[in-house]
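A.B. asks: Below is the sequence, then the predicted model.
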Number of protein chains: 2
Amino acid sequence: MKHGGDLSEAMAQFGGTPEAWLDLSTGINPNPYPLPPLADDAWQRLPSRNGEAALLATARRAYAVPEDADIVAAPGTQALIQWLPRITARGAVAIVSPTYNEHAAAWRLAGHEVIAIDAVEEMPETARHIVVVNPNNPDGSVVDHVTLARVAEIVAARDGMMVIDEAFADLDPTISAVALCERWPVVVLRSFGKFYGIAGLRLGFAIGPQRLIARIGEAMGPWICSGPALAVGRAALEDDRWANETRDRLRKQVAKLDAVLQAAGFSTVGGTALFRLIRHPHASAYHTALARRQIWCRRFDWADDLLRFGLPPDDAALKRFALALADI
Amino acid sequence: MKHGGDLSEAMAQFGGTPEAWLDLSTGINPNPYPLPPLADDAWQRLPSRNGEAALLATARRAYAVPEDADIVAAPGTQALIQWLPRITARGAVAIVSPTYNEHAAAWRLAGHEVIAIDAVEEMPETARHIVVVNPNNPDGSVVDHVTLARVAEIVAARDGMMVIDEAFADLDPTISAVALCERWPVVVLRSFGKFYGIAGLRLGFAIGPQRLIARIGEAMGPWICSGPALAVGRAALEDDRWANETRDRLRKQVAKLDAVLQAAGFSTVGGTALFRLIRHPHASAYHTALARRQIWCRRFDWADDLLRFGLPPDDAALKRFALALADI
């Protein structure tokens, strides 16, 4: 199972229709931002420079981008993860691991050596670049700004790039290390689809020094984001009230999830308000038993005692999950 | 003016609201495919492998992809144009010119030498790769399959790649050289948004030998197309009746446009059923005079006697255009 969030594999192995499944395999908010009405032009015309500029101005404010730094939009942060190793100088990359596996895949594909490290402080002398997912996926661990800045300084001295993937930073905006972009060769990735629950839209951002962001933008070329992505992204990122209410709501939802996981005898390793990582000696058996009950969670190739659970969309789904766990 | 289809520049120079402008600067069908209803999942969930496979199966049939060739979807052919020079071997590229200017820009950005040539047959010995837009934009000229195959053979002998950009081939499917992909290192690009009139959706395809298409897919990474793009693309590409009726309709619309252009004293250089290229000694003055009347057409950096006109959306718009021309 390479990724969560795709029931194709679940259905191929265990049958059932998409409607029958309870999908807890993702870190996507199950209560999405309500789609604003979309003008015909958003679909029919090429996305305009004005529309893109309006989205980016809104995103700058929402993500507190420093004045001297720049921001570029992409069809999902995954598209940026694919491009970053292509627009930077050749050299080994250290990746704080285990983490979201597409970083290593993209750097390897582009011909860079990948060195897995346990913590940013352990960046080896042989590495030029570094990638850290902060908060980390799947364990939710967070690296503080002082530590990040210290490593960013080392990366700068090596003429390298530091990628900070903040896919799950919306839950606690104080985590964001976007301020580092002003001084160091740091590229911060911000996912739109997870917190706003609109992952199918494909929208993500890279924030960094002007020179680096310009290079990413040139590499991706014009009209890379769809008209609907420009319009929906702008409306959502302008809506501070929804964002604040959603943070509260997610915290309450994840507390309820924690209670269910604890009752089942799982020990929580970590996570964010959008998912929890648990450890259990029979994790793999639980994955199968839940799948037989058409509940899909996330397991990992690199550990057979870990499972990751996303948020059930509502109390009924949470109850279904609790009953299934009690039944196993 | 780098591209058509963006009123940002028109409004910055000549004022007016988007509604006031008649935009003839694009080659996008002004009568779009009617959007099918979109399931919530298309927006909220990550695009699934099943959804992508279903779109590609439909596109294979619609574009008559040979069994041994493969196809990959992207957020617009522009995204593919950006990636192609990055996944191929270093070497000069010959581009049949003048043409859509983003091909040269992308190859140059990726570090390849670009050689402008007048016709595919003139591919120089120093070139390894070749790009031809067929039918060409903006002059509509078409290269026959025998000529293309002869050049494809030369490209294969040089271990190069031949890119055939068929952005405007939907108007006459017999133009498509997709059959060449079975035998030669030919990548055919198919734009979705132009013929179907949904350019804001961002959807395009690359068709070619399995090895090349796999490399493009790997480079772009997962979830590169949005959920709405998978759903709308599939519905539209399945709808043969709409496609056939649209071809008829576009032919009638462009005949009416021709009559108006002729009445204005323009001589038609070429085009497709989605746009016409005209020559006039005072083309540049016409561009400005039309813009003052908030009609936006396409001019070119490389020729001051050419203008390109897209289709007016209806008879009222055509009449407005005719009256404006008569008034200049």
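C.D. replies: Everything's here; your move.

A.B. asks: Helices along chain A, start to end?
C.D. replies: A:7-14, A:40-44, A:49-62, A:77-83, A:102-109, A:145-157, A:193-196, A:210-220, A:227-238, A:240-263, A:283-292, A:315-327 (DSSP state H).

A.B. asks: which residues touch the fifth one?
C.D. replies: The reference is to helix A:102-109. Contacts to helix A:102-109, defined as CB atoms under 8 Å, 6 or more residues apart in numbering or on different chains, come from residues A:78, A:81-82, A:84-85, A:93, A:95, A:97, A:114, A:116, A:129, A:131, A:133, A:163, A:165, B:218-219, B:221-222. Using the backbone N, CA and C atoms, a C-beta is placed for each residue, glycine as well.

A.B. asks: quick one on the thing from earlier: now the helices of chain A in a markdown table, with mean neighbour count and distance to residue B:281?
C.D. replies: Formatted as a markdown table, the helices of chain A follow (neighbours: other CB atoms under 10 Å in any protein chain shown; distance: least, CB to CB, whole Å):
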| stretch | mean neighbour count | distance to residue B:281 |
| --- | --- | --- |
| helix A:7-14 | 17 | 60 |
| helix A:40-44 | 19 | 34 |
| helix A:49-62 | 18 | 31 |
| helix A:77-83 | 25 | 45 |
| helix A:102-109 | 20 | 52 |
| helix A:145-157 | 16 | 57 |
| helix A:193-196 | 27 | 52 |
| helix A:210-220 | 18 | 36 |
| helix A:227-238 | 24 | 38 |
| helix A:240-263 | 15 | 56 |
| helix A:283-292 | 17 | 72 |
| helix A:315-327 | 15 | 70 |
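
A.B. asks: which parts of the stretch 151-300 of chain A sit against chain B?
C.D. replies: Counting by CB under 8 Å from any CB of the partner chain, the positions of the stretch 151-300 of chain A adjacent to chain B are A:193, A:197-202, A:218-229.

A.B. asks: Quick one: residues contacting the residue positioned nearest the centre of chain A.
C.D. replies: Residue closest to the average C-alpha location in chain A (CA atoms, centre = their mean): residue A:167, at 2.9 Å. Counting by CB under 8 Å, 6+ apart, residue A:167 makes contact with A:27, A:77, A:100, A:133, A:137, A:189, A:190, A:191, A:194.

A.B. asks: Go again with 6 Å.
C.D. replies: Shown in contact with residue A:167 (CB atoms under 6 Å, 6 or more residues apart in numbering or on different chains): A:191, A:194.

A.B. asks: Same check on residue A:281?
C.D. replies: Shown in contact with residue A:281 (CB under 6 Å, 6+ apart): residue A:305.

A.B. asks: Surely residue A:216 and residue A:73 touch.
C.D. replies: No - Residue A:216 is not in contact with residue A:73 according to CB atoms under 6 Å; the separation is 10.3 Å.

A.B. asks: those strands in the stretch 51-200 of chain A, which residues are they?
C.D. replies: Along the stretch 51-200 of chain A, counting by DSSP state E, counting those that start in this stretch, strands occupy A:69-74, A:92-96, A:114-117, A:127-133, A:162-165, A:186-191.

A.B. asks: my read: residue A:68 touches residue A:181, true?
C.D. replies: No - with contacts counted by CB under 6 Å, residue A:68 stays clear of residue A:181, the gap being 8.2 Å.

A.B. asks: Return the backbone torsion pair for the residue nearest to the centre of chain A.
C.D. replies: In terms of degrees, to the nearest 10, the main-chain angles of residue A:167 are phi -60, psi -30.

A.B. asks: and the gap between it and residue A:242?
C.D. replies: Counting by CB to CB, to the nearest Å, the separation of residue A:167 from residue A:242 is 19 Å.
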